[in-house]
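In: Turn this into a structure:
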Amino acid sequence: MGDTLVVEKAMRRWIPGIILVITLLALAGPLALLEAGRPHVSAPEMEKIRKSLPSELKDQDDYHLPVIETMREEWPQPDIVAYESATAPGYHLLMAGATELTGSSGKGVMLALNLLVGVAFVVVVWWTASCFASPWSALALVAPLAASKYVFAGLVWLTTDNLAWALVFMALGLCVVAVRRARLSPWLLLLAGVLAAGAVWTRQIHVWTAAPIGFVGLLGSPLGRLVPGFVVPAASRPAGSWACLGAGCVGGALPV
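Out: Numbers count the residues shown, from 1 in each chain. A predicted model of the protein is given here:
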């Protein structure tokens, strides 16, 4: 009986998250499906409306798709040094690898994967927020993020942002929730460092994630008692361990 109640409680906790996923797929899915059959932005039939098109669409066609296609042509040894992009190569490698793995010649597989990555990003933010508020309150808090042009456009068109932010929030979410529950461990900090490195491998601007991971490692060490109580209440601090400090240093170094 007790186990059944626990399962039912866990299921009820995830109802807002499921609603969030269904809503995002219902709104962005049809647009991504239409996008799969759209002609290139430089096609003659697109000339009259080019100026009114979203910047994410033009970035996809003018920058990201050419890099992905080049990497696919060079597969399995794509050039990740001299390629035509200002961002790190992680996203483009992921998409090129997905098309190679499935044998797809169009944008369909990439758009589907891109949609799932974006949905995962929003769900990770919701899950992190739900550890500090009720699941329904977390849904209300995350709704503006999901509805923002910055995030929603990334669900429809191939851009690097949602993947990078998903990895960032996975890394930081693990850290803040572990501190909240006083369950910090060296392995968790190392995992956070790997995820943060993945974020930098996608968008190098996210190298800033090194700082909070290193700080959480310090907080989980005996030096954590030097951190003022208004930053992190003493009751929420994990037990001090020098291994956490070492793991925090290594985890913080990985994105760098």
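In: Need the pLDDT of Gly108.
Out: Gly108 is assigned a pLDDT of 89 by the prediction.
In: Does it touch Ala36 like I think?
Out: Yes: using Cβ atoms under 8 Å, Gly108 makes contact with Ala36 at a distance of 4.5 Å. Yep, even glycine has a C-beta here, placed from its N, CA and C like the rest.
In: In terms of packing, which of those two has more residues around it?
Out: More neighbours surround Gly108 than the other of Gly108 and Ala36, with 16 against 13 (other Cβ atoms under 10 Å).
In: Closest to the centroid, which residue in the protein?
Out: Ala166 (0.9 Å; Cα atoms, centre = their mean).
In: name the element that residue belongs to?
Out: helix 161-180 (DSSP states H and E).
In: Now do the buried residues in the next helix or strand after that helix.
Out: Of the helices and strands lying after helix 161-180 in sequence (DSSP H and E), the nearest is helix 186-202. Across helix 186-202, burial judged by 16 or more other Cβ atoms under 10 Å covers 186, 188-193, 195-202.
In: So what touches helix 186-202?
Out: 87-91, 160, 163-165, 167-168, 170-172, 174-175, 178, 206-207, 209-210, 213, 216-217, 220, 241, 243-244, 246-248, 250-255 (Cβ atoms under 8 Å, 6 or more residues apart in numbering).
In: Just the C-alphas of it, formatted as CSV.
Out: The C-alpha trace of helix 186-202 is given here as CSV (Å, rounded to 0.1, in the frame of the first residue of the first chain):
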residue,chain,number,x,y,z
PRO,A,186,32.4,14.3,-5.9
TRP,A,187,30.9,12.2,-8.7
LEU,A,188,28.0,14.6,-9.1
LEU,A,189,30.4,17.5,-9.5
LEU,A,190,32.4,15.7,-12.1
LEU,A,191,29.2,14.9,-14.0
ALA,A,192,28.2,18.6,-13.8
GLY,A,193,31.7,19.4,-15.2
VAL,A,194,31.2,17.0,-18.1
LEU,A,195,27.8,18.5,-18.9
ALA,A,196,29.2,22.1,-18.7
ALA,A,197,32.0,21.0,-21.0
GLY,A,198,29.3,19.8,-23.4
ALA,A,199,27.7,23.2,-23.2
VAL,A,200,31.0,24.9,-24.1
TRP,A,201,31.5,22.4,-26.9
THR,A,202,28.2,23.7,-28.3
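In: distance between that helix and the chain's centre?
Out: 12 Å (Cα atoms, centre = their mean, to the nearest Å).
In: Using PyMOL, make a named selection holding only the buried ones among the contacts of helix 186-202.
Out: In PyMOL, this line selects whichever of the contacts of helix 186-202 come out buried by 16+ other Cβ under 10 Å:
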select buried, resi 87+88+89+90+91+160+163+164+165+167+168+170+171+172+174+175+178+206+209+210+213+216+217+220+241+244+247+248+250+251+252+254+255
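In: which residues of the stretch 1-150 of the chain score low on pLDDT?
Out: Applying pLDDT under 70 to the stretch 1-150 of the chain picks out residues 1-10.
In: Try it again at 50.
Out: Of all residues in the stretch 1-150 of the chain, none has pLDDT under 50.
In: what are the ranges of the helices in it?
Out: 2-13, 15-36, 55-59, 65-74, 90-102, 108-130, 135-147, 149-156 (DSSP state H, counting those that start in this stretch).
In: what's the spacing between the residue nearest to the centre of the chain and Val151?
Out: 11 Å (Cβ to Cβ, to the nearest Å).
In: Give the residues shared as contacts by those two.
Out: 118, 121.
In: circling back: for the residue nearest to the centre of the chain, what are its contacts?
Out: Neighbours of Ala166 in contact, by Cβ under 8 Å, 6+ apart: 117-118, 120-121, 124.
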